[in-house]
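Undergrad: Coordinates for the following, if possible.
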Amino acid sequence: MADDPTLGEVIRTMQALNARLDRFSAPEVYQFQHEQLLAEIREIQAERAAEKQARDEKERREEEARRELEAKRQADRRLIFSVLLAPIVVLLLQLYLSARLAAG
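TA: Numbering: from 1, shown residues only. Here you go, the predicted structure:
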């Protein structure tokens with residue numbers, strides 16, 4: 001019986017054990033934290049996907065605007081040729097032909 005712990009020793013041991021157990025969380029807490037972490041990861045991934053989609057859409061619109069601008073420039077070049085240069089070429093051709101007929 002000398003090796004039997006006293007009531008005070010049992011109480012102190014139980015208090016020490018309770019203090020150690022209080023430092024540990026239940027598996028449900030870990031599970032909840034894990035689920036919250038996964039939810040945050042999914043949210044961040046969704047945000048990144050939305051940002052990428054917005055960036056891709058912006059790049060597509062910029063490319064489309066660039067193509068439209070290039071098409072407008074080509075149309076302007078054709079217009080300049082037809083309005084300014086074509087009449088000058090026709091006039092020079094008429095002068096050339098008139099000079100040939102007058103000489104011949």
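Undergrad: and Gln33, what element?
TA: helix 27-80 (DSSP states H and E).
Undergrad: Tell me what angle the helix or strand just after that helix forms with helix 27-80.
TA: For helix 27-80, the following helix or strand on the C-terminal side (DSSP H and E) is helix 86-103. Relative orientation of helix 86-103 and helix 27-80, computed by axes from the mean of the first three to the mean of the last three C-alpha atoms, to 10 degrees: 20 degrees.
Undergrad: how distant is helix 86-103 from the center of its chain?
TA: Distance of helix 86-103 from the chain centroid (C-alpha atoms, centre = their mean, to the nearest Å) equals 61 Å.
Undergrad: Now it: average pLDDT?
TA: In this model, helix 86-103 has an average pLDDT of 88.
Undergrad: circling back: counting contacts, what elements does the helix holding Gln33 pack onto?
TA: Taking 3 or more C-beta pairs under 8 Å, 6 or more residues apart in numbering; DSSP states H and E as contact, there are no helices or strands that helix 27-80 lies on. Any C-beta I mention is one placed from the backbone N, CA and C, and that applies to glycine too.
Undergrad: any idea of the mean pLDDT in that helix?
TA: Here the average pLDDT along helix 27-80 is 94.
Undergrad: List of residues touching the helix or strand where Gln15 lies?
TA: Assessed by DSSP H and E, Gln15 sits inside helix 7-22. Here helix 7-22 makes contact (C-beta atoms under 8 Å, 6 or more residues apart in numbering) with Pro5.
Undergrad: make it 10 Å
TA: Applying C-beta atoms under 10 Å, 6 or more residues apart in numbering, the contact partners of helix 7-22 are Asp4, Pro5, Thr6.
Undergrad: Return the member of these nearest to Gln53.
TA: Distance to Gln53, by C-beta to C-beta, is smallest for Pro5 among these, at 68.0 Å.
Undergrad: Check the gap between the closest residue to the closest one other than its chain neighbours and His34 for me.
TA: Nearest non-adjacent residue to Pro5, counting by C-beta to C-beta, 6 or more residues apart in numbering: Thr13, 7.3 Å away. Going from Thr13 to His34 by C-beta to C-beta, to the nearest Å gives 33 Å.
Undergrad: and what of Asp56?
TA: 33 Å.
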